[in-house]
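Engineer: Got a sequence here, can you build the structure:
(one chain, ligands or ions: 3)
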Amino acid sequence: MCGIVGIVGKTNVNQVLYDALTVLQHRGQDAAGIVTYQDDRFFLRKDNGLVKDVFRTRHMRRLVGNVGIGHVRYPTAGSSSSAEAQPFYVNSPYGITLAHNGNLTNTHELAEGLLRSDLRHINTNSDSEVLLNVFAHELQKQGKLVPTQVEIFEAVKAVHKRCKGAYAVIAMVTGYGIVAFRDPHGIRPVCYGKRETEQGTEYMIASESVALSAEGFTLVRDIDPGEAIYIETDGQLYNQQCAENPQLTPCIFEHVYFARPDSIIDKVSVYKARLRMGEKLAEKMMKECPDYDIDVVMPIPDTSRTSAMQMAYRLGVKFREGFIKNRYIGRTFIMPGQSQRKKSVRQKLNPIELEFKGKNVLLVDDSIVRGTTCREIVQMARDAGANKVFFASAAPEVRFPNVYGIDMPAASELIAHNRTVDEIQEAIGADWLIYQNLDDLIECAKEGNASIEQFDCSVFNGEYIAGDITPEYLDKLEKARNESSKRKKNKEFDDDHTVIDLHNND
Ligand SMILES: O=P(O)(O)OC[C@H]1O[C@H](OP(=O)(O)OP(=O)(O)O)[C@H](O)[C@@H]1O
Ligand SMILES: NC(=O)CC[C@H](N)C(=O)O
Ligand SMILES: [Mg+2]
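Structural biologist: Ligands and ions are numbered 1, 2, ... in the order given. Alright, predicted model coming up:
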């Protein structure tokens, strides 16, 4: 998952972009970038690292201009190299920079077409660079000296015809404006809002509404699946549906884990969806195990807090914070390597022993993916003196790879792969394990917006909403992006990470 943001403002936007990226940091911790525009020039700063480390005062000073876009990256294609940090840039037509959240599933075919038919060179393994070049090529084909919303929307229509997979995009066209669009299934979130200033109306587009509210913008609405909005540098806003058969089928994992609870996505409050997950799971537990003998319910910070609290309330059991999180360590699941993830669970969470001694504890997490967290946590609970350790997951078993922007490319790395619930229980060393039912999870998310007929639940049911995912594709993906090939790829880039790009503000 990545975080994207764009602003058409009335004064310098660098600080607001920076602040918005810090609010979206939970969506990507690997790299960050900002590009602004003023007087026919782009100003770019991007690198590996957290927002607070990538941008120093000297960089911020140089990021001048009233329009700009930003990105925080969690790689799902290519490598973790700084050459693949975003926004990406292409000089023709006009000069375009682009920030992408999601993952294309026909990158290889598109790259071939770009090279052989469109005569465009791609210099990284990032699907986002491919996406940018498809958009640029289609805009160039319109052949206008000055692009208007008409040409921009035509180019987006062509992107929808050529690109497959998930893409929420914000792109800046030099001197003209910012365009944002969402794939025809609306798999990844993106919304926009505005704020009034003495100089006039300013617009912000962002992955999650929390970036808007934190910066004083009021949410106008989500961008519809397939829709594009184009905001000219003077603040004129246009929108158009650019897809032939749009259908909102957003990724349900945003509600389970990715998004912040204070965001509203496609009119669904993430916080409320998580409360409902706790409620439903408690009901299932009361049905399946009516004589549960639990002394205390504990969340595994951070994300499961909301569901765990509601679960405890519904079960009528004490809620206690048994694990304290080191606030200086980021999210482990989106870290790039397994050894780093494993190490950081121990660094990050520390038990308060007196909450465990001699007690039957129910540990609640939002999800169990590779099993890195729960394996460590169950052991830590036992070491702290727990009598029995029960485990509950607010999401169902994650059994299938993700191809739409979550880096879970290899089924073999998932703890639920080829295992029954009993076997998973054994593997994590718990005395009892319970998972949410998929229908219940869907209901929890849907209750916030009944008009969403379907979610992408592919990690739970193996049904890929945008189609075209064959066993051969998954096989190739697994080979290209399993732990060892990722390590190799990252090392190659570390050895030689020359970036061919817009001048980067070092
Ligand atoms: O089974 P696993 O592969 O360990 O993945 C699942 C865990 O990873 C995530 O936590 P993370 O530390 O990333 O973030 P959080 O602090 O927001 O909970 C998620 O909340 C689970 O705790
Ligand atoms: N998680 C994402 O949205 C990743 C965007 C893009 N596929 C990349 O790898 O950089
Ligand atoms: Mg967690």
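Engineer: So which residues on the chain come close to ligand 2?
Structural biologist: Residues of the chain lying close to ligand 2 (CB under 6 Å from any ligand atom) are 1-2, 73-78, 84, 100-103, 126-128, 405. Quick note: C-beta positions are derived from backbone N, CA and C, even for glycine.
Engineer: among those, which are in helices?
Structural biologist: 127-128 (DSSP state H).
Engineer: Of the residues of the chain next to ligand 2, grab the buried ones for PyMOL.
Structural biologist: Here is the PyMOL command that selects only those of these that count as buried (16 or more other CB atoms under 10 Å):
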select buried, resi 1+2+73+74+75+76+77+78+84+100+101+102+103+126+127+128+405
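Engineer: residues in contact with Glu279?
Structural biologist: Applying CB atoms under 8 Å, 6 or more residues apart in numbering to Glu279 gives the contacts 310-311, 314, 444.
Engineer: Go again with 10 Å.
Structural biologist: By CB atoms under 10 Å, 6 or more residues apart in numbering, Glu279 lies in contact with 307, 310-311, 313-314, 440, 444.
Engineer: Surely Ile205 touches Ile69?
Structural biologist: Yes. Ile205 lies in contact with Ile69 (CB atoms under 10 Å); the separation is 8.4 Å.
Engineer: and for these two, which residues touch both?
Structural biologist: Common neighbours of Ile205 and Ile69 (criterion: CB under 10 Å, 6+ apart): 4-7, 99, 169-170, 178, 180.
Engineer: gap between whichever residue of the stretch 401-506 of the chain sits closest to ligand 2 and Arg370?
Structural biologist: Per CB to the nearest ligand atom, Gly405 is where the stretch 401-506 of the chain lies closest to ligand 2, at 4.1 Å. Per CB to CB, to the nearest Å, Gly405 is found 17 Å from Arg370.
Engineer: Then Tyr473?
Structural biologist: Counting by CB to CB, the gap from Tyr473 to Arg370 is 21 Å.
Engineer: More neighbours: the two, which one.
Structural biologist: Arg370 (21 against 16; other CB atoms under 10 Å).
Engineer: Go ahead and confirm the more buried one touches Ile334.
Structural biologist: No. Here Arg370 does not reach Ile334: they are 11.8 Å apart, not a contact under CB under 10 Å.
Engineer: picking that back up, I'd say the residue of the stretch 401-506 of the chain closest to ligand 2 and Phe258 touch.
Structural biologist: Yes. Taking CB under 10 Å as the definition, Gly405 is a contact partner of Phe258 at 9.0 Å.
Engineer: Tell me where the stretch 401-506 of the chain has strands.
Structural biologist: In the stretch 401-506 of the chain, the strands defined using DSSP state E, counting those that start in this stretch lie at 432-435.
Engineer: any residues in contact with both of Arg370 and Ile334?
Structural biologist: By CB under 10 Å, 6+ apart, Arg370 and Ile334 have these common neighbours: Arg341.
Engineer: What's the separation between Ile187 and Asp456?
Structural biologist: 6 Å.
Engineer: And for Ser304?
Structural biologist: 22 Å.
Engineer: residues of stretch 453-460 that come out buried?
Structural biologist: Those would be 455-460, for stretch 453-460 by 16+ other CB under 10 Å.
Engineer: Correction: the previous question concerned stretch 319-329.
Structural biologist: Buried residues in stretch 319-329 (16+ other CB under 10 Å): 319-320, 322-323.
Engineer: Stretch 339-359 too?
Structural biologist: Quick answer for stretch 339-359 (16+ other CB under 10 Å): 341-342, 344-345, 348-349, 351, 355-356, 359.
Engineer: Now do Asn360: how many residues are near it, please.
Structural biologist: By other CB under 10 Å, neighbour count at Asn360 equals 17.
Engineer: what's the answer for the one 5 residues further on, then?
Structural biologist: Here the count is done by other CB under 10 Å, and Asp365 has 22 residues near it.
Engineer: and it, how far is that from ligand 1?
Structural biologist: Distance, Asp365 to ligand 1, using CB to the nearest ligand atom, to the nearest Å: 5 Å.
Engineer: Gly143 now?
Structural biologist: On the measure of CB to the nearest ligand atom, Gly143 and ligand 1 end up 47 Å apart.
Engineer: Is that residue part of a helix or strand, or is it coil?
Structural biologist: coil (DSSP: H, G, I helix; E, B strand; the rest coil).
Engineer: so who does Gln379 touch?
Structural biologist: By CB under 10 Å, 6+ apart, the neighbours of Gln379 are 346, 389, 428-429.
Engineer: so when I look at it, I'm seeing a strand, right?
Structural biologist: No. Using three-state DSSP, the assignment for Gln379 is helix, not a strand.
Engineer: so how far is Arg346 from it?
Structural biologist: The gap separating Gln379 from Arg346 is 10 Å, by CB to CB.
Engineer: related to what we said a few turns ago, shared neighbours of Gly405 and Phe258, which are they?
Structural biologist: Joint contacts of Gly405 and Phe258 (CB under 10 Å, 6+ apart) are 1, 27, 74, 188, 251.
Engineer: Tell me the secondary structure at the nearest residue in space to the fourth one that is not next to it in sequence.
Structural biologist: Taking CB to CB, 6 or more residues apart in numbering as the measure, Arg188 lies nearest to Ala168, with 3.9 Å between them; neighbours along the chain are not counted. In terms of secondary structure, Ala168 is strand; the call rests on three-state DSSP.
Engineer: residues contacting Ala168?
Structural biologist: 2, 4, 99-102, 180-183, 186-191, 205-207, 223, 225, 405.
Engineer: what's near enough to touch the closest residue to Asn245 other than its chain neighbours?
Structural biologist: Nearest residue to Asn245 in three dimensions, chain neighbours excluded: Pro184, at 6.6 Å (CB to CB, 6+ apart). Taking CB under 10 Å, 6+ apart, we find Pro184 in contact with 160-161, 163-164, 167, 224-227, 241-249, 466.
Engineer: Kindly give a single PyMOL line that selects the buried subset of the residues you listed.
Structural biologist: Selecting only the buried entries of the contacts of Pro184 in PyMOL, with 16+ other CB under 10 Å as the criterion:
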select buried, resi 160+163+164+167+224+225+226+227+242+243+246+248+249+466
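Engineer: Bridge partners for Phe319, pull those for me.
Structural biologist: Per DSSP bridges, the residues bridged to Phe319 are Val297.
Engineer: wait, doesn't it sit right on Thr306?
Structural biologist: No. Here Phe319 does not reach Thr306: they are 11.4 Å apart, not a contact under CB under 10 Å.
Engineer: any common contacting residues for these two?
Structural biologist: With CB under 10 Å, 6+ apart as the test, Phe319 and Thr306 both reach Pro299.
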